[in-house]
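**Q** Below are the sequence and a predicted model for it; my questions follow.
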Amino acid sequence: MEKVKEFLKLSSQCERESGHEIPSAKAAIFNRKAAEEYYVQVRGHFNSSHVKELTPYYKRVLELAEQGNAEKQYEAGECYFYGTVVPQDYAKAAEWYQKAANQHFANAQTSLGYCYEFGKGVPQDHVKAAEWYQKAADQGNDCAQTNLGYCYECGKGVPKDYAKAVEWYQKAASQDYARAQTNLGYFYECGKGVPKDYAKAAEWYQKAADQGNACGQTNIGLCYEFGTGVSKDYAKAVEWYQKAASQDYARAQTHLGYFYFHGKGVPQDYAKAVELYQKAVSQGEAWAQNNLGWCYECGKGVPKDYAKAAEWYQKAANQGNAYAMTNLGSCYYYGKGVPQDYTKAVELYRKAVDQNDARGQYYLGLCYENGKGVFKDHVKAFELYQKAAEQGNKDAQKKLGNCYEKGIGVRRDLNKASEWYKKASE
């Protein structure tokens, strides 16, 4: 509890210097840090001796909140929302947020909007959430501006409108709000509400990354990995992935694991890759589940175990990961780790194809070509190979060349056969 005591001592010093009955802003910061540190330390071993250290301050907060002080009403809401000193109680948190929000306290309006968005202490209501975000956003609250932008992005409580989403993200981003900068970068990367501009996307990701935002760090890492808006640089990609991974950000851990698996920007290290994938799967990251499955299938960094591979593919597939669906389909196709079942394989390949997954298209093509789990249909096989080939799948390009060479499912055309064989070899 030494850090807690240190923050409380600094808070007391600030209060004496300020000479105000209500703790100064600086004192409030140290009190909040004390509360946060306290919450971390006592989670799981809460006892009365610890409570006594912070109770006097929060008792005063509640007294002032009862007297109608909007800032302290907001703080009281925070206490109940996070369970700091008092037992966690979302309903009471929402009550206090409401009192402060009614006094136009922007932070409380934002928090109340959050409660309505996620049904914390109040019935879930996206319209009310957007209304409260709007009130706070109009006062310049950067968090509310970002949340309102997200409402417009997803059509939650307001009609979907990418242009308005951009407008609010820009307002918050101009205040150096990292989450808004990341979201705005994503819009430029995808061309949503603004013309597609990879360079601007990278600029916004960089701004967020420089503030320590894990999502921004991961996204700028991706830019360096693929040369999107910046020059391709695996070393820089690794640098940013490491920064985000050190914050326990699952997506970064997955990408960094992939780099260690393939030796991109770092020495190849299967054990390190597995270690990073395992950290990410503990957070439910679908791509990490798929990649860990692949490690078990190949016996890289872990003993080869087809059953475990299939288990991890299944977990990722359950989250809608098309790549994992294809991998699991192949487990059923070849009977690796699960009983051989062509019908089940086809079912999984179809799900992947529904997401336009090139590997799923290729393997479903194989099923139609060989009559495994479906009636043999060379025309359908050709169509699927073509779709996969056009997405750059090398196996499909070879198959397409073979189809044209031998007239399987399509009119024989040696020139086109040569063309696809060439693409496959490039």
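**A** Structure's in. What do you need?
**Q** mean confidence for stretch 70-84?
**A** Averaged across stretch 70-84, pLDDT comes to 90.
**Q** again but with stretch 357-368, I slipped
**A** Here the average pLDDT along stretch 357-368 is 97.
**Q** Report the distance from that stretch to the chain centre.
**A** Averaging C-alpha positions (C-alpha atoms, centre = their mean, to the nearest Å) puts stretch 357-368 28 Å from its chain's average.
**Q** what comes into contact with that stretch?
**A** Taking C-beta atoms under 8 Å, 6 or more residues apart in numbering as the criterion, the residues outside stretch 357-368 that touch it are 322-323, 325-326, 329-330, 333, 342, 345-346, 348-353, 372-374, 376-378, 380-385, 387-388, 391-393, 395-396, 399. (Each C-beta comes from the backbone N, C-alpha and C, glycine too.)
**Q** Now the buried members of those residues.
**A** With neighbours counted by 16 or more other C-beta atoms under 10 Å, the contacts of stretch 357-368 contain buried members at 322-323, 325-326, 329-330, 333, 342, 345-346, 348-353, 372-374, 377-378, 380-385, 387-388, 393, 395-396, 399.
**Q** taking the residues you listed one by one, which sit in helices?
**A** Using DSSP state H, the members of the buried ones among the contacts of stretch 357-368 that fall within helices are 322-323, 325-326, 329-330, 333, 342, 345-346, 348-353, 378, 380-385, 387-388, 395-396, 399.
**Q** what's near enough to touch G265?
**A** Neighbour list for G265: 234-235, 237-238, 259 [criterion: C-beta under 8 Å, 6+ apart].
**Q** what does G293 give?
**A** 308-313, 316, 324, 327.
**Q** Excluding chain neighbours, what is closest to H378?
**A** G409 (3.6 Å; C-beta to C-beta, 6 or more residues apart in numbering).
**Q** Correct me if wrong: A65 contacts W96.
**A** Yes: in terms of C-beta atoms under 8 Å, A65 counts as a neighbour of W96; the distance is 6.5 Å.
**Q** Neighbour count for those two, which is higher?
**A** Regarding A65 and W96, a neighbour count based on other C-beta atoms under 10 Å identifies W96 as having more, with 27 against 21.
**Q** List the contacts of the more buried one.
**A** Counting by C-beta under 8 Å, 6+ apart, W96 touches 65, 73-74, 76-77, 80, 108.
**Q** how near is D161 to E167?
**A** When C-beta to C-beta, to the nearest Å is applied, the distance between D161 and E167 equals 9 Å.
**Q** right, and D233 touches L222 too?
**A** No: contact status for D233 versus L222: not in contact, 11.8 Å apart, counting by C-beta under 8 Å.
**Q** So those two - more neighbours on which side?
**A** L222 (19 against 15).
**Q** average pLDDT for whichever strand or helix holds that one?
**A** Using DSSP states H and E, L222 maps to helix 214-226. The average pLDDT for helix 214-226 rounds to 97.
**Q** After it, which helix or strand is next?
**A** For helix 214-226, the following helix or strand on the C-terminal side (DSSP H and E) is helix 234-245.
**Q** Name the residues of the next helix or strand after that following helix that are buried.
**A** Along the chain past helix 234-245, the next helix or strand (assigned with DSSP H and E) turns out to be helix 250-262. Of the residues in helix 250-262, those buried under the neighbour-count criterion (16+ other C-beta under 10 Å) are 250-261.
**Q** Quick one: distance of helix 250-262 to the chain centre.
**A** Between the centre of helix 250-262 and the centre of its chain there are 14 Å (C-alpha atoms, centre = their mean).
**Q** before we move on, what about stretch 152-165?
**A** With C-alpha atoms, centre = their mean, you get 20 Å for stretch 152-165.
**Q** Would you mark the buried spots in whichever strand or helix holds Y80?
**A** In this structure, Y80 is located in helix 70-82 according to DSSP H and E. Within helix 70-82, the residues that count as buried by 16+ other C-beta under 10 Å are 70-81.
**Q** between the buried residues of helix 250-262, which is nearest V194?
**A** The shortest separation between V194 and any of the buried residues of helix 250-262 is 23.5 Å, and it belongs to R251 (by C-beta to C-beta).
**Q** Quick check: closest non-adjacent residue to that closest one.
**A** Skipping the residues right next to it in sequence, R251 comes nearest to T218 by C-beta to C-beta, 6+ apart, at 5.2 Å.
**Q** burial measure for the one you found, as a count.
**A** A count of neighbours around T218, defined by other C-beta under 10 Å, yields 28.
**Q** Show the contacting residues for it.
**A** The neighbourhood of T218, defined by C-beta under 8 Å, 6+ apart, consists of 240-241, 244, 249, 251-252, 255.
**Q** how about a cut-off of 6 Å?
**A** Contact partners of T218, counting by C-beta atoms under 6 Å, 6 or more residues apart in numbering, are 244, 251-252.
**Q** of those residues, closest to D413?
**A** Lowest distance from D413 to the contacts of T218 (C-beta to C-beta) belongs to R251, with 43.9 Å.
**Q** can you pull the pLDDT of that closest one?
**A** R251 is assigned a predicted lDDT (pLDDT) of 97.
**Q** State the distance from it to K92.
**A** Distance of R251 to K92, given as C-beta to C-beta: 34 Å.
**Q** Check which element follows the helix or strand hosting Q170 along the chain.
**A** Element membership of Q170 [criterion: DSSP H and E] is helix 162-173. The C-terminal neighbour of helix 162-173 among helices and strands, as given by DSSP H and E, is helix 178-190.
**Q** Could you figure out how far that next one is turned away from helix 162-173?
**A** Using axes from the mean of the first three to the mean of the last three C-alpha atoms, to 10 degrees, one finds that helix 178-190 and helix 162-173 are set 140 degrees apart in direction.
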